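A.B. asks: Pasting a predicted model and its sequence here:
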Amino acid sequence: MAAKATVADHPLIQHKLTLLRRVETSTAEFRQLLREISLLLAFEATRDLDLEEVEIATPLETMRAPALAGKKLCLVSVLRAGNGLLEGMLDLIPSARVGHIGLYRDHDTLEAVEYYLKLPEDIGERLVIVVDPMLATGNSAAAAVHRLKEAGARRIKFVALVAAPEGIEAFGAAHPDVPILTAAIDRQLNDIGYILPGLGDAGDRLYGTK
């Protein structure tokens, strides 16, 4: 498990996550904090992007300077809560392509059921960063990545806000080639598949629903 999941332990991420977890945090505060954390997670997730040297002119002279190489990356949000991470990442990477995959968890079987998929046509040529705040059972995340691979994605990372050990294990078994980045690995799942101590239902807290 430890080899597959990297915890982003930057102090700002950890502090903001603590604020996000609190039951008294309002919907507006939750939304803003999630946007801020997602920008910081995007920074961590893109550390190894390829660079190339290009020639530019400064006000004083020309120079060779580093710039991103190849096609820009693609961010894929697992609906609906994934959009909370997506917005902050787009603040940092506004030129990224965006895909959406709609999944809901059957509350009886805890299996993922797909209802929507829209992706860039050239997804196979891009680094794909899949975002979903909670990696709980791992079923939805694994299903999302499976569909992305079917669509041609070859380089994929998965970014979660909070992960459970059970979800990391299940996801890693299904997709050992896909690294996981998370802000925290919590203790366990409860008997209905929610992360403990967690932060509740991220989608409900983000949008003020129940």
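C.D. replies: Received the coordinates, thanks. A quick note: this is a predicted structure, and the numbers were derived from the prediction, not measured.

A.B. asks: Now do Ile180 against Ala112, distance only.
C.D. replies: Computed as Cβ to Cβ, to the nearest Å, the Ile180 to Ala112 distance reads 17 Å. Backbone N, C-alpha and C define where each C-beta goes, glycine included.

A.B. asks: cool, Lys71 as well?
C.D. replies: 28 Å.

A.B. asks: Which one's more surrounded, those two?
C.D. replies: Neighbour count, other Cβ atoms under 10 Å: between Lys71 and Ala112, Ala112 has more, with 21 against 14.

A.B. asks: can I assume that one is in contact with Arg147?
C.D. replies: No: when contacts are counted by Cβ atoms under 8 Å, Ala112 is not listed as touching Arg147 (9.8 Å).

A.B. asks: Please, which helix or strand holds Phe43?
C.D. replies: Element membership of Phe43 [criterion: DSSP states H and E] is helix 27-45.

A.B. asks: Over to Val78?
C.D. replies: Assessed by DSSP H and E, Val78 sits inside strand 74-79.

A.B. asks: Determine the set of other helices and strands touching that strand.
C.D. replies: With contacts taken as 3 or more Cβ pairs under 8 Å, 6 or more residues apart in numbering; DSSP states H and E, strand 74-79 sits against helix 82-92, strand 97-105, strand 127-131, helix 139-150.

A.B. asks: Neighbouring strands - and their directions - for the helix or strand following the shortest one?
C.D. replies: Elements were assigned by DSSP H and E; along the chain past strand 127-131, the next helix or strand is strand 134-135. Here strand 134-135 has these sheet partners by DSSP bridges: strand 155-163 (parallel).

A.B. asks: Centre of the chain to the strand it pairs with, how far?
C.D. replies: Mean C-alpha position of strand 155-163 versus that of the full chain (Cα atoms, centre = their mean, to the nearest Å) differs by 4 Å.

A.B. asks: Next, find the distance separating Arg155 from Glu125.
C.D. replies: Arg155 sits 9 Å away from Glu125, going by Cβ to Cβ.
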